[in-house]
Each structure stands twice: as C-alpha cells, then as structure tokens.
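Novice: For reference, the sequence and a predicted model appear below.
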2 protein chains.
Amino acid sequence: MQIAIVLYDRFTALDAVGPYETLGRLPGAETVFVAEETGPLRNDTGNLALVADRTLAEVPNPDIIVVPGSPGPLPLAANEPLLGWLRAADAGSTWTTSVCTGSLLLGAAGLLRGRRATSHWLALEELKSFGAEPTGERVVTDGKYVTAAGVSSGIDMGLTLLGRIAGDEHAQIVQLATEYDPQPPYDAGSPGKAPARVVELLRSHAGIILT
Amino acid sequence: MQIAIVLYDRFTALDAVGPYETLGRLPGAETVFVAEETGPLRNDTGNLALVADRTLAEVPNPDIIVVPGSPGPLPLAANEPLLGWLRAADAGSTWTTSVCTGSLLLGAAGLLRGRRATSHWLALEELKSFGAEPTGERVVTDGKYVTAAGVSSGIDMGLTLLGRIAGDEHAQIVQLATEYDPQPPYDAGSPGKAPARVVELLRSHAGIILT
C-alpha cells in the first residue's frame, strides 16, 4: 500500500501533516511526499518547508492520494502538470482524499463531478463550479473520495479512513498514540459556533489577519 | 517577537506543526525553525523531513521556545549542544514551551525543577527524574513554562498561549481559520477513555505497532 501526500508551493502545513500523522500510521504502508520536483516546498506563510522525496512522475500509482489545501480561492497548484497527475493517479487509486481547499484541486481535475464533498468553510461554494455538491460536514465520503473541511479536519479524516482500512482498533491505537483528546480553549472552530464578529473578520480580511 | 521551533533528528512532525499553525499566527511574530545545523531533519518514521532555516547559534534570544517530542523515553536530542542552547535561550525567553516528550528535553536541561508539567502519557513518570511534578492535564502552565501532553495537544497549547498573548479574539480567529472543531471518530484519545486493550497494546508494543 502506497500513500502519496502531494506538496506544492504555498500548501498549508497542517493540512498535510494531520493526515500524515494518522493515516500515515497504516500498517505496512509506505508514505511518500511528492511534488513536481523533489526538494523543499515552502508553505503558505513561507517560513516552513517540507521536503518532497519523490517527483509526481516517480509515483504514478499510489493506492491513496492526499491533497492538502492552500489559501486563496483556487490553490496556485491548479496547473496542468499536477491536475494531469491527479487524473492519472486517481484512475488507479483506491482512495482519493483532500483536506481544506485541496478539494478544489480535485474539483479542477474533474474528479468531483456529481460528488458530495467539502472544503474550508470559506471555499465551500467554489466546489459548485466543479460540479460537486458542497456539504457542511467535517469529513465527507462519497465512493472512494474522502474530503475534509479546513486545515485541522485532516486529523479527523485521517483517523476515519484509517479505521475504515485497518479497523477500529488500529485507529484507536493511533488516536491514543497521538493523544488526540481535543480540548480547544474556545468553541470557535466552525462558522456556526464562532462569534459573529470573528466570522466576519475572516470573511473580509483573512489574508491580512493571518499572514 | 521571535518564535523558535526546535527541530532535531527523529522529532514527531505534528508536535512541531500543531503549535506552528496556531501560535505561529501571532501577529507580528517571526517564526523560525531551528536546529544544530540548517537543512532537512527527518522525523520519527523517517519519511518526512522539515527544513531548519537557522542554526541554534543564529537564534540565541527567541521570545518563545517550542520544543517538540520524539518517541522513546528521552529523545535522542538530549545532547549537550541542544540542552546548552535551551538553558541559554530560556534565560531570556518570555515563554518556554514543549509538546509531548519535548518536556523531557526541558527537564534534562534542568528547566522544570519544582514545576508542574506534562508530557506524552507514556512518558509522564519520566518527568519526576528531572524534579518536575507530572500532571494529567492536557496543557499545563507554570510560570512561563507551558507544556502539552502527547502530539496533537500542541494545537490546544498553541491556541491557549496565543489567546494569552494576543487576546481571545485573535485566538478564536485562528481557531476558525484552521477550522479546529474536532470531531474524532472515536473517543480513545486518552488512557482513561480508550479501551483497556488499546492502552495495554501501546504500553507493551508502541515501537512495533507504530513504525
């Protein structure tokens, strides 16, 4: 079993590392970080780089594809080499997954037409332009496509898919190993729960506030 | 304000990236990944590398120190160059923090004597050998020392400290931006909640099961 986590310029780090630290603990699986070219890829703020160990061309047939997101309506990675690889790799994958606006990349590759899917709450409506049906759920499974909401939801997605593939007990082992017993100091993690002013600030000024 | 996140051979990736993606969104702060030498550092499974952009020597006076953990009783990083840097940097820091067994590194540097602190649940007792008082809480603040429990708890620690420094509203903005509204598919994230067999499997065979 091979898991390919796709990196590209300006990806969001936790989108990639959340599924990595959960789904990546699939027994017997090989997890590889892939990008158009090998070497360090800078994240959305530019002050963290993860290393792609293999090129997309070197990993043509992963069993599981994980696509992280990036700020902005459509990630900069929506270029033909990556979209072409996604289409070809998806043709043979067992599971094709995304976190945050990674679903927009799956959509741009034409893989979510007629599918229920999710994305970062600020990008949900964008999914419609790719023929997908956005939902407000945190983790959405439609056939072999598993999409997760914003950033941290990749941890829930990773555990969910891990349980599906390796069984509940193994997923629980990984949950306990990563001590995933969340106790956020606020209850502001979704637009329905956060104070209205916080939602509005992000709707209007996300780019300014967060960089 | 400068935030130094320490990397070393065999660190756990989410330990570093959780606080990075939350606390690292502190307005006006510069976040730098540091290590003994610059360049890629491999994580605990060896299939992910993060890049250290600066050497420890180049970052002598960070305002906030973040030390991730690593599997095993005492992380391999417990060597004199890193411990010496931790002592010196801590002398001028505003906050000194850790995730998972990163607290054992703070302890080995002599920084937790007489302090309440936490660590990964499998390593809690080890804290005593450094004169610290282990607690079962997820995030522990004692003076300027903020320690977090295992792996994923660094997200809660990062948001907690972010709120303390930048105010509740900014921390809520970051919580909503990262859509941190956790919905784990199981309730097995702490030894008190997980099935007894899962706890026992990890106590006995963590190294075998997870690598």
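Specialist: Cool, got the structure.
Novice: tally of neighbours for the nearest residue to A:Val140 once chain neighbours are set aside?
Specialist: In space, and not counting its chain neighbours, A:Val140 is closest to A:Thr118: 4.6 Å by CB to CB, 6 or more residues apart in numbering or on different chains. Where you see a C-beta, it was placed from the backbone N, CA and C, and this is true even at glycine. Per other CB atoms under 10 Å in any protein chain shown, the neighbour tally for A:Thr118 reads 29.
Novice: Hmm, A:Ser129 and A:Ala108 touching each other?
Specialist: No: the pair A:Ala108 / A:Ser129 is not scored as a contact, 9.1 Å apart, by CB atoms under 8 Å.
Novice: Look at the two and report which has more neighbours.
Specialist: Set A:Ala108 next to A:Ser129 and count neighbours by other CB under 10 Å: A:Ala108 wins out with 20 against 12.
Novice: Tell me who's in contact with the more buried one.
Specialist: A:74, A:78, A:83, A:130 (CB atoms under 8 Å, 6 or more residues apart in numbering or on different chains).
Novice: was I right about the first one contacting A:Ser129?
Specialist: No: distance between A:Leu74 and A:Ser129: 9.1 Å, which falls outside the contact criterion (CB under 8 Å).
Novice: For A:Arg25, which non-adjacent residue is spatially closest?
Specialist: A:Val174 (4.7 Å).
Novice: would you say the one you found is within a strand?
Specialist: No: under DSSP: H, G, I helix; E, B strand; the rest coil, A:Val174 falls outside any strand and is assigned helix.
Novice: shouldn't it be in contact with A:Leu159?
Specialist: Yes: here A:Val174 reaches A:Leu159: they are 6.7 Å apart, a contact under CB under 8 Å.
Novice: any common contacting residues for those two?
Specialist: Common neighbours of A:Val174 and A:Leu159 (CB under 8 Å, 6+ apart) are A:Thr22.
Novice: Please work out how many residues are found near A:Ala36.
Specialist: Careful, residue A:36 is Glu and not Ala. Neighbours around A:Glu36, by other CB under 10 Å: 18.
Novice: which ones are touching it?
Specialist: A:8, A:55-56, A:81-82.
Novice: For the residue most central in space within chain A, which non-adjacent residue is spatially closest?
Specialist: Geometric centre of chain A, nearest residue: A:Val99, 1.9 Å, by CA atoms, centre = their mean. Spatial nearest neighbour of A:Val99, chain neighbours left out: A:Gly154 (3.6 Å); criterion: CB to CB, 6+ apart.
Novice: helix/strand/coil for that neighbour?
Specialist: A:Gly154 is classified as helix under three-state DSSP.
Novice: From what I see, it and A:Ala13 are in contact.
Specialist: No: checked against CB under 8 Å, the pair A:Gly154 and A:Ala13 is beyond contact range at 10.6 Å.
Novice: Please identify which of these two sits among more neighbours.
Specialist: In terms of neighbours (other CB under 10 Å), A:Gly154 is the more surrounded of A:Gly154 and A:Ala13; the figures are 32 against 27.
Novice: and the more buried one, how far is that from B:Lys144?
Specialist: 31 Å (CB to CB, to the nearest Å).
Novice: Let me see the ranges of the strands in chain A.
Specialist: A:2-6, A:30-35, A:39-42, A:49-52, A:54-55, A:64-67, A:95-99, A:116-117, A:133-134, A:139-142, A:145-148 (DSSP state E).
Novice: how about TSV for these, with mean pLDDT added?
Specialist: As requested, those are exported to TSV (pLDDT from 0 to 100):
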stretch	mean pLDDT
strand A:2-6	98
strand A:30-35	98
strand A:39-42	98
strand A:49-52	98
strand A:54-55	98
strand A:64-67	98
strand A:95-99	98
strand A:116-117	98
strand A:133-134	98
strand A:139-142	98
strand A:145-148	98
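Novice: Sweet, I'm off.
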